[in-house]
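>>> I'd like to go over a predicted model; first the sequence, then the structure.
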Amino acid sequence: LAKTTQPISMDSYEGQEVNITCSHNNIATNDYITWYQQFPSQGPRFIIQGYKTKVTNEVASLFIPADRKSSTLSLPRVSLSDTAVYYCLVVYSGGYNKLIFGAGTRLAVHP
Amino acid sequence: GAVVSQHPSWVICKSGTSVKIECRSLDFQATTMFWYRQFPKQSLMLMATSNEGSKATYEQGVEKDKFLINHASLTLSTLTVTSAHPEDSSFYICSVRGTYNEQFFGPGTRLTVL
């Protein structure tokens, strides 16, 4: 399973765009990238997943360069409620799709 | 996505007792569920993969005789912490694998062992 590296913490202000980059240098051909959000004392919530290029949904965008060795989660116009821990995971598309969580990025959004 | 519930949401028990935590997939038939443990300020740690109708697969270092997992139906998996001790106090979270291999997590169960 590919190891991921992301910043431990980030700070932002309401209304700004936040980009969180994750490195996954040894990602394999059958792996895809997924991001989760977790609030204190809650289970993680699926945000977005992708394999290559760009994926966008109603809450975020995911940018994946051609070499797939990194990915960037983009949160447009964050609010205070976006303060949470964000996890980047590389998931093998076969088998049982085990999720191995890294340390995550603690995002603090300030007024 | 799949809606996942856990029961109880929190439990306090005495050392030496056993505690059962239920994980239910409310609107999705889940052949595979996962159990995680999370200590304060730490990330989630995968404990085991629960397979409907068969034995669970445990991660290295997780005692299968202490953390009993039963996945008797497509909507229910249970985790029983046997002979619980204070060091077992943690936040236990289950997840269900969805149609597109995404995972949907339950709200978690806070276990406190006195």
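Looks like it arrived, so ask away.

>>> With A:Gln42 as the reference, measure out to whichever residue of chain B sits closest to chain A.
The nearest approach of chain B to chain A comes at B:Phe105, 3.3 Å away (C-beta to the nearest C-beta). (Glycine included, C-beta is placed from N, CA and C.) Distance, B:Phe105 to A:Gln42, by C-beta to C-beta, to the nearest Å: 8 Å.

>>> got it, and B:Ser18?
For B:Ser18 relative to A:Gln42 (C-beta to C-beta), the value is 26 Å.

>>> Find the residue at the geometric middle of chain B.
Residue closest to the average C-alpha location in chain B (C-alpha atoms, centre = their mean): B:Trp35, at 3.8 Å.

>>> The host helix or strand of it - contacts with which helices or strands?
Per DSSP states H and E, B:Trp35 falls inside strand B:32-38. When contacts are defined as 3 or more C-beta pairs under 8 Å, 6 or more residues apart in numbering or on different chains; DSSP states H and E, strand B:32-38 sits against strand B:19-25, strand B:44-51, strand B:67-73, strand B:76-81, strand B:90-97.

>>> Reformat the ones you listed as a markdown table; add mean neighbour count.
Formatted as a markdown table, the helices and strands packed on strand B:32-38 follow (neighbours: other C-beta atoms under 10 Å in any protein chain shown):
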| stretch | mean neighbour count |
| --- | --- |
| strand B:19-25 | 21 |
| strand B:44-51 | 21 |
| strand B:67-73 | 17 |
| strand B:76-81 | 21 |
| strand B:90-97 | 25 |
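
>>> okay if I get the ones you listed as CSV plus distance to A:Asn30 and mean pLDDT?
Listed next are the helices and strands packed on strand B:32-38 as CSV, based on distance: least, C-beta to C-beta, whole Å; pLDDT from 0 to 100:
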stretch, distance to A:Asn30, mean pLDDT
strand B:19-25, 26, 96
strand B:44-51, 18, 91
strand B:67-73, 26, 91
strand B:76-81, 26, 96
strand B:90-97, 16, 94
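
>>> With distance to A:His24 as extra columns, can I get these in CSV?
Converted to CSV, the helices and strands packed on strand B:32-38 look like this (distance: least, C-beta to C-beta, whole Å):
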stretch, distance to A:His24
strand B:19-25, 29
strand B:44-51, 18
strand B:67-73, 29
strand B:76-81, 29
strand B:90-97, 21
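
>>> List just the one of those strands that sits closest to A:Cys22.
When these are compared by C-beta to C-beta, strand B:44-51 sits nearest A:Cys22, at 16.1 Å.

>>> hmm, back to that, is the residue of chain B closest to chain A bridged to anything, and to what?
Using DSSP bridges, the bridge partners assigned to B:Phe105 are B:Ser95.

>>> what residues are up against it?
A:36, A:43-46, B:4, B:93-95 (C-beta atoms under 8 Å, 6 or more residues apart in numbering or on different chains).

>>> returning to what we had before: looking at B:Ser18 and A:Gln42, which has the bigger crowd around it?
Using other C-beta atoms under 10 Å in any protein chain shown as the criterion, B:Ser18 and A:Gln42 rank with A:Gln42 on top: 15 against 12.

>>> separation between the more buried one and B:Phe28?
19 Å.

>>> Same check on B:Thr78?
Taking C-beta to C-beta, one finds B:Thr78 at 17 Å from B:Phe28.
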